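Chemist: Prediction below, plus the sequence it came from.
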Amino acid sequence: MLKTNFLGVELASPLMNASGVHCMSIEELEELANSQAGAFITKTATQLEREGNSKPRYYDTKLGSINSMGLPNKGLDYYLNYVIERQQQGTQLQFLSVTEMSYEENINLLSKIQRSGYQGVTEFNLSCPNVPGKPQIAYDFELTKKLLSEVFTFFTKPLGVKLPPYFDIAHFDEMATILNKFPLTYVNSVNSIGNGLCINIDKEQVVIKPKGGFGGLGGEYIKPTALANVRAFRERLNPNIKIIGTGGVINGKDVFEHILCGADLVQVGTTLHKEGVDVFTRLNEELKVIMKEKGYTSLEQFRGRLKIIE
Ligand SMILES: O=C(O)c1[nH]c(=O)[nH]c(=O)c1I
């Protein structure tokens, strides 16, 4: 009922984790592998291991979360070795998230993956909002075009991009025009809404230490923005570029809405952080109930079918 075909691989569920949540260590990744998620993705990796920003750097609020992790990770080799090993054991579809701090380092990182034995999907994170002094790549259209142009002169494996939220129709148009030039496997919208601010009123203080308390927002705060980005890119991108919808998934209804906007897969971040991997079981069940109520027996019957008001 929930089966989803992605890159020719049939997944039992359209759900997976959002990179960064519950995916830093092999233990966490194995928990995802043994959950009801259809697939999973690693924490965004840089060439070398990174400590990340000082703590507290993550905070759950009633309506969502704020984080300024600062890209802590165990380094590319840790994750690359893990996914290659699982590949050799027969896993058909995997997602490896990567990014680097400069143009050259991004090229070097993707070259290393191209030369490796990894055959799975690479998610090129163009939208980390929390590395001090590093603006988000995907808010610089010329840089994004230049970077992807060079990447696709040598990278022949499946590649997706993780995008920040856009808030202006002109930006949807401009970004889609750029992305349609490349043989991308998918676009993943959205990353956290960058540089929000949450306050503890009792202490009259911010809730996270880095960047004076500024961090990426997740959870209920961001669903309308996430849905708009999924819908806008689905309407603009050529159909062989798939869409992964991320942002604001609390229950099955939110998963349904992402798919209605055109999402092929749906990622869960904040709610996974709050609830643990059982969240996938709950969301799969809730989605099935909604589909039954509406008489749907497959996701294709409603994917991308959001109606406007004529
Ligand atoms: O601060 C982080 O590590 C982080 N946090 C986010 O909210 N999105 C990202 O892409 C990353 I790389």
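Modeler: Thanks, I have the structure now.
Chemist: use CA for all of it now, contacts and neighbours both
Modeler: Fine.
Chemist: Give me the contact list for stretch 43-54.
Modeler: Contacts with stretch 43-54, where a contact means Cα atoms under 8 Å, 6 or more residues apart in numbering, come from 19-21, 23-24, 68-77, 79, 96-100, 109, 125, 209-210.
Chemist: let's see 6 Å
Modeler: The contact list for stretch 43-54 (Cα atoms under 6 Å, 6 or more residues apart in numbering) reads 19-20, 23-24, 69-76, 97-100.
Chemist: How about stretch 84-92?
Modeler: Tyr118.
Chemist: May I see the buried residues of it?
Modeler: Using 16 or more other Cα atoms under 10 Å as the burial criterion, the residues of stretch 84-92 that qualify are 84, 87, 92.
Chemist: mean confidence for that stretch?
Modeler: The average of the pLDDT scores along stretch 84-92 is 97.
Chemist: Could you export it as PDB, CA atoms only?
Modeler: In PDB, the C-alpha atoms belonging to stretch 84-92 read as follows (Å, rounded to 0.1, in the frame of the first residue of the first chain):
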ATOM      1  CA  ILE A  84      30.000   0.300   0.900                       C
ATOM      2  CA  GLU A  85      30.000  -2.600   3.400                       C
ATOM      3  CA  ARG A  86      26.100  -2.600   3.500                       C
ATOM      4  CA  GLN A  87      26.200  -2.400  -0.300                       C
ATOM      5  CA  GLN A  88      28.400  -5.500  -0.400                       C
ATOM      6  CA  GLN A  89      25.900  -7.200   1.900                       C
ATOM      7  CA  GLY A  90      23.100  -6.600  -0.600                       C
ATOM      8  CA  THR A  91      21.500  -3.300   0.400                       C
ATOM      9  CA  GLN A  92      20.100  -1.900  -2.800                       C
END
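Chemist: Could you pull up the residues touching the closest residue to the ligand within the stretch 101-250 of the chain?
Modeler: Going by Cα to the nearest ligand atom, the ligand is nearest to Cys128 of the stretch 101-250 of the chain, at 3.6 Å. By Cα under 6 Å, 6+ apart, Cys128 lies in contact with Gln136.
Chemist: One more pass at 8 Å, please.
Modeler: So Cys128 contacts 71, 136, 164, 191 (Cα under 8 Å, 6+ apart).
Chemist: That one in helix, strand or coil?
Modeler: Classification of Cys128 by DSSP: H, G, I helix; E, B strand; the rest coil places it in coil.
Chemist: so where is the stretch 201-310 of the chain shaky, pLDDT-wise?
Modeler: Along the stretch 201-310 of the chain, the model assigns pLDDT under 70 to no residue.
Chemist: just the helices in it please.
Modeler: Ranges of helices in the stretch 201-310 of the chain, per DSSP state H, counting those that start in this stretch, are 223-236, 252-260, 270-275, 278-294.
Chemist: Would you tell me which one of those is buried the most?
Modeler: Of all the helices of the stretch 201-310 of the chain, helix 252-260 has the most neighbours on average by mean count of other Cα atoms under 10 Å, namely a mean of 23.
Chemist: what's next to it, contact-wise?
Modeler: 227, 230, 245, 248-249, 265-266, 282-287, 290, 299, 302-306.
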